[in-house]
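> Take this sequence and fold it.
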Amino acid sequence: MARFTLPRDIYFGPGAMQELAVLGKSRRHAFVVTGGHSMQKSGALERLCGILGGAGLQVTQFTGVEPDPSVETVMKGAQAMRDCQPDVIVAIGGGSPIDAAKAMWVFYEHPEKTFDDIKDPFSLPRLRQKAIFVAIPSTSGTATEVTAFSVITDYATKVKYPLADFEITPDIAIVDSDLAETMPPKLTAHTGLDALTHAIEAYVASLRSDFSDPLAIKAIQMIDDDLVASYNGDKAARGRMHVAQCLAGMAFSNALLGITHSIAHKIGAQFGLPHGLCNAILQPFVIQFNRKACEGRYADIARALGLPGATERQLVNVLVDKICALNDSLDIPPTLEAAGVDRETFDAHLAFIAENAVKDPCTGANPRETTAEDIRKILLAAYDGIPAAVNW
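Residues are numbered from 1 along each chain as shown. Predicted structure coming up:
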């Protein structure tokens, strides 16, 4: 038996955050989690707290969640939750504060657990005994507002751990396009390409289904239509991208992902590169590796985008070329070397990254069985930019 899980309610469109006033009918205390300063500067945090307070909820704020949130931040937030006993957790901002709040929620409701207890996929205890969860994304990429995932970094080992369990799928998602208008161009590019990777990997993943496929294809088409315009400041396109990334999230939360994400989780932590940037660089090389197992699925994507080609091989070649051209139009470096990773550092960490990436939960859903040696070859290709020289 398969399963398909989404939040109970998704409110979307300009001003959707106002719908949270409904929480005042059944909740008393909201614990609001956010990141550094962007939500404060934009006025979104003040607006959120005003809506919650106006609905009669007591509001406690937890601010300062760092990019790539740490285990320590998660534990600090969980303790703050235990101190005030909220019955609704509201996370607002990019993927980092929302991911952090999901993990905080686990340790709030289950203080007896350790981080090691929840690292394995689908091993979380039952939640919602103390609180429900609301997610409000301000970026158009991670789709964590509709997913069963949370990525937390252990800085002691420099390893990112993607926690995975339907228990941490939010109860309510607010996809408010007003919040996405403040993203700078570079963040727009990185998050948009992260969303594209989500949709492509979901469409070819081993756990894909008739439920996830239409969401993935529609997201890919919308991103193709709107990402460049969104990057160039088109507000209407940015609003559509906010929806597209959410559709991609619905797809991959259920179909899961693949080794683009497995590798990106590890190189992001080791080399200090943004997650979306890592995905964008890796994706063409991973497609070349995976096509042996699922060329027809990649060809489907090419056809959905109206790309030319008489054979599946031609269609996939054109798809890879299109992705590379899209990266270039968004000022994405074509290789890890061009992204600033020096050769000595790369060589020193290559084996460690490959060994840990193959253990990543995303690897299990990759359409082609993958070894650490395979990942090492992909990394070398992504560093040097010569996929044709690799024996895929």
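
> drop to CA atoms for contacts and neighbour counts, all remaining ones
Will do.

> Neighbours of residue 132, how many?
19 (other Cα atoms under 10 Å).

> Centre of this protein to the edge, which residue is at the far end?
Going by Cα atoms, centre = their mean, the residue of the chain most distant from its centre is residue 310, 33.8 Å out.

> sec struct for that residue, please.
coil (DSSP: H, G, I helix; E, B strand; the rest coil).

> Please name the residues that touch it.
Neighbour list for residue 310: empty [criterion: Cα atoms under 8 Å, 6 or more residues apart in numbering].

> Need the pLDDT of it.
Per-residue confidence (pLDDT) for residue 310: 97.

> What are the phi and psi values at it?
phi -90, psi -20 (degrees, to the nearest 10).

> next one: residue 238
Phi and psi for residue 238, reported as degrees, to the nearest 10, are phi -60, psi -40.

> again with residue 100
Given degrees, to the nearest 10, the pair of backbone angles that residue 100 has is phi -60, psi -40.

> Could you report the separation of it from residue 111?
Computed as Cα to Cα, to the nearest Å, the residue 100 to residue 111 distance reads 16 Å.

> ok, now residue 322?
Applying Cα to Cα to residue 322 and residue 111 gives a distance of 48 Å.

> chain center to whichever strand or helix holds residue 268, what's the gap?
Secondary structure from DSSP states H and E places residue 268 in helix 259-271. Distance, stretch centre to chain centre, for helix 259-271: 12 Å (Cα atoms, centre = their mean, to the nearest Å).

> can you give me the strands in this protein?
9-12, 29-33, 58-62, 88-93, 132-137, 149-154, 159-164, 172-175 (DSSP state E).

> partners of the lowest-mean-pLDDT helix or strand in the chain in the sheet?
Ranking every helix and strand in the chain by mean pLDDT, DSSP states H and E puts strand 159-164 at the bottom, with a mean of 86. Taking DSSP bridges as the criterion, strand 159-164 sits next to strand 149-154 (antiparallel) in its sheet.

> would you put the C-alpha positions of the partner strand in CSV?
Extracted in CSV, the C-alpha atoms of strand 149-154 (Å, rounded to 0.1, in the frame of the first residue of the first chain):
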residue,chain,number,x,y,z
PHE,A,149,11.1,16.7,5.6
SER,A,150,13.3,18.9,7.8
VAL,A,151,17.1,19.4,7.1
ILE,A,152,19.2,19.9,10.2
THR,A,153,23.0,20.3,10.3
ASP,A,154,25.4,18.8,12.7
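
> Pull the residues that contact that strand.
Against strand 149-154 from outside (Cα under 8 Å, 6+ apart): 68-71, 96, 98-100, 102-103, 144, 159-166, 168-169, 253, 269.

> cool, stretch 170-181 as well?
7-17, 44, 132-140, 145-148, 235, 238-239, 242-243, 246.

> From one end of that stretch to the other, what's the distance?
OK, stretch 170-181 end separation, Cα to Cα: 23 Å.

> now do stretch 329-337
Stretch 329-337 end-to-end distance (Cα to Cα) = 19 Å.

> tell me what the helix holding residue 268 is packed against?
strand 159-164, helix 275-304, helix 343-357 (3 or more Cα pairs under 8 Å, 6 or more residues apart in numbering; DSSP states H and E).

> Quick one: mean pLDDT for that helix?
Averaging pLDDT along helix 259-271 yields 94.

> Likewise for stretch 181-199?
pLDDT averaged over stretch 181-199 gives 96.

> And stretch 296-303, by the same measure?
If you average the pLDDT over stretch 296-303, you get 98.

> same thing with stretch 3-23?
If you average the pLDDT over stretch 3-23, you get 95.

> List the buried residues of it.
Neighbour-count burial for stretch 3-23 flags 6, 7, 10, 11, 12, 16, 17, 18, 20, 21, 23 (criterion: 16 or more other Cα atoms under 10 Å).

> Tell me the buried residues within the contacts of strand 149-154.
By 16+ other Cα under 10 Å, those give 68-71, 96, 98-100, 102-103, 144, 159-166, 168-169, 253, 269 as buried.

> and the gap between residue 177 and residue 246?
For residue 177, the distance to residue 246 - Cα to Cα - is 11 Å.

> Neighbour count for these two, which is higher?
residue 246 (28 against 25).

> shouldn't that one be in contact with residue 139?
No: assessed by Cα atoms under 8 Å, residue 246 is found out of contact with residue 139, at 10.5 Å.

> Do you have the helices of the chain handy? List them.
38-42, 44-54, 71-84, 95-109, 185-204, 212-231, 235-255, 259-271, 275-304, 312-329, 343-357, 372-384 (DSSP state H).

> which residues are contacting the third one?
Outside helix 71-84, the residues that touch it by Cα under 8 Å, 6+ apart are 31, 60, 62, 65, 100-101, 103-108, 115, 152-154.

> burial of the closest residue to residue 98 other than its chain neighbours, as a residue count?
Excluding the flanking residues, the one nearest residue 98 by Cα to Cα, 6 or more residues apart in numbering is residue 91, at 5.1 Å. Residue 91 has 29 neighbours, counted by other Cα under 10 Å.

> Hmm, residue 91 is touching residue 30, no?
No: distance between residue 91 and residue 30: 10.0 Å, which falls outside the contact criterion (Cα under 8 Å).

> picking that back up, okay if I get the strands of the chain as a markdown table plus distance to residue 350?
Listed next are the strands of the chain as a markdown table, based on distance: least, Cα to Cα, whole Å:
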| stretch | distance to residue 350 |
| --- | --- |
| strand 9-12 | 41 |
| strand 29-33 | 35 |
| strand 58-62 | 37 |
| strand 88-93 | 33 |
| strand 132-137 | 33 |
| strand 149-154 | 19 |
| strand 159-164 | 14 |
| strand 172-175 | 38 |
